[in-house]
Each structure stands twice: as structure tokens, then as C-alpha cells.
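Structure for this input, please:
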Amino acid sequence: MNPSTKWYNRIPTWGYVVLTLGVVVLAGVIEYMMGRNALCACGYTLFWQTWGDTSGSSQHISDWYTFSHIIHGFVFYGFFRLISRGKWPVWFCLLLATGVEAGWEILENSSFIIDRYRESTVSLDYNGDSILNSIADILYMFVGFFLARKFPVWVSIALIIFMEVWVGYMIRDNLTLNIIMLISPLDAIRTWQMGG
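Residues are numbered from 1 along each chain as shown. The predicted structure is shown next:
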């Protein structure tokens, strides 16, 4: 069968853009129905939330965890291009990546994951994301996705390593540590994160 006849090759770019933005909006609607705050309960909105006030983490447009979502974009681009052997249109790959990222944002804001963060990490006052932050996280994933499309693989890998090391140094947390502490918490990591 001619690859150009595959259904995903027949959808125009604008169609993928509409579908992708629809997934982002749907994620926001679902989170609203879950009872998430649209904006930070603090009453103001910042572009960048510094690390000092952890209760404001994941409530504003960006914070140190924004880099994790940029990394998601790098990983999703590589994963979907790899499993399709480069045959899927890049916009189809972005739609799939957006679905995964939006699914994670919804799951991350469930009481199960919020409680898990409180139990297994140093984020004792974590209350989940605001809808603004959650949608911004998805959009930051787009940034990583399109950077991965532009850069050679070695540059993408170097950027991922740099972001993980830099964020780990700055706040004693990053995507890798987050995954470890959610799946199988280690006392040594928790002690180090608490400044021990």
C-alpha cells in the first residue's frame, strides 16, 4: 500500500492543529470538572514561580518543573519518530504526544497522584496544578517537541542531560528523581532533597 494513502497522511496540517488544540482544551475542561482551580489560589499569576514558596509550585505559568515538560517533548518526538520509523507525519506525532501529555496532566492532578507526591517526596504541601499551569505544561512540551525536530539527536540528548543536571542542582529535584520517587521512593534521595 502506498504510504500516502494512509489515513494519517490524508489529514491536512490545519486539521492536526485543530485536533491538537482540541486535546489541550479538553484537558483543561476535564481538570475543571475535577475541581481544579483555574488560577493560583494565591490571587495572582506569575510568569515564573521561584523555588522559595513550594505551595505556589505548579500554580503559575512556569517554574523549575517546566524543564521536565520540555524534556517530555524531546522524548515524545524521539519515541514517536522511532516507532514509526519516520513514516508518521510530524503533526500526527505531535497529536499523539499531546494526548500522552494531556493524559499525564489529568492523572497528575488526581487525588491518587497528589497523595502519592505528598507521601513519597518532599512536596508535603503539593496541591496539584492550576489549570493554567497544566495547560502551560502541555505547551512547554510543544517547545521540546519542536526543538527535538530542529536539532540533531546528540544536541537533544545534551540538552536533556544539561536540564536534568541544572535543575537537580538548583532545586534538588528533576524529572528523573521525580519518576524514581513516585515509583519506588528511596530514603537516601528524600534525605538529600531535604538538605541532609
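
measure the residue nearest the centre of the chain to residue 47 for me?
Centroid-nearest residue in the chain: residue 69, 3.2 Å away (criterion: C-alpha atoms, centre = their mean). Using C-beta to C-beta, to the nearest Å, one gets 15 Å for the distance from residue 69 to residue 47. To be clear about C-beta, it is placed using only N, CA and C from the backbone, and glycine gets the same treatment.

how distant is the least confident helix or strand in the chain by mean pLDDT from the center of its chain?
Lowest mean confidence among the helices and strands of the chain (mean pLDDT, DSSP states H and E): helix 111-120, at a mean of 79. With C-alpha atoms, centre = their mean, to the nearest Å as the basis, helix 111-120 stands 17 Å off its chain's centre.

name the helices or strands packed onto it?
Using 3 or more C-beta pairs under 8 Å, 6 or more residues apart in numbering; DSSP states H and E, the elements in contact with helix 111-120 are helix 175-183.

C-alpha coordinates for the helix it packs on, PDB please?
In PDB, the C-alpha atoms belonging to helix 175-183 read as follows (Å, rounded to 0.1, in the frame of the first residue of the first chain):
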ATOM      1  CA  LEU A 175      12.300  14.600  36.100                       C
ATOM      2  CA  THR A 176      14.500  11.600  36.800                       C
ATOM      3  CA  LEU A 177      14.200  12.000  40.600                       C
ATOM      4  CA  ASN A 178      10.500  12.600  40.300                       C
ATOM      5  CA  ILE A 179      10.000   9.300  38.500                       C
ATOM      6  CA  ILE A 180      12.100   7.400  41.000                       C
ATOM      7  CA  MET A 181      10.300   8.900  44.000                       C
ATOM      8  CA  LEU A 182       6.900   8.200  42.500                       C
ATOM      9  CA  ILE A 183       7.600   4.600  41.600                       C
END
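
Packing partners of that helix?
helix 66-83, helix 111-120, helix 153-171, helix 187-193.

which of those helices sits most buried?
Mean neighbour count, computed with mean count of other C-beta atoms under 10 Å, is highest for helix 66-83 among these, reaching a mean of 20.

ok, residues contacting it?
Helix 66-83 has contacts (C-beta atoms under 8 Å, 6 or more residues apart in numbering) with 88, 90, 93, 96-97, 100-101, 104, 136-138, 140-149, 153, 156, 159-160, 163-164, 166-167, 174-175, 178.

Any stretches of the chain with poor pLDDT?
1-4, 51-55, 120-125, 196 (pLDDT under 70).

returning to what we had before: so the least confident helix or strand of the chain versus helix 175-183, what angle?
Angle between the axes of helix 111-120 and helix 175-183 is 100 degrees (criterion: axes from the mean of the first three to the mean of the last three C-alpha atoms, to 10 degrees).
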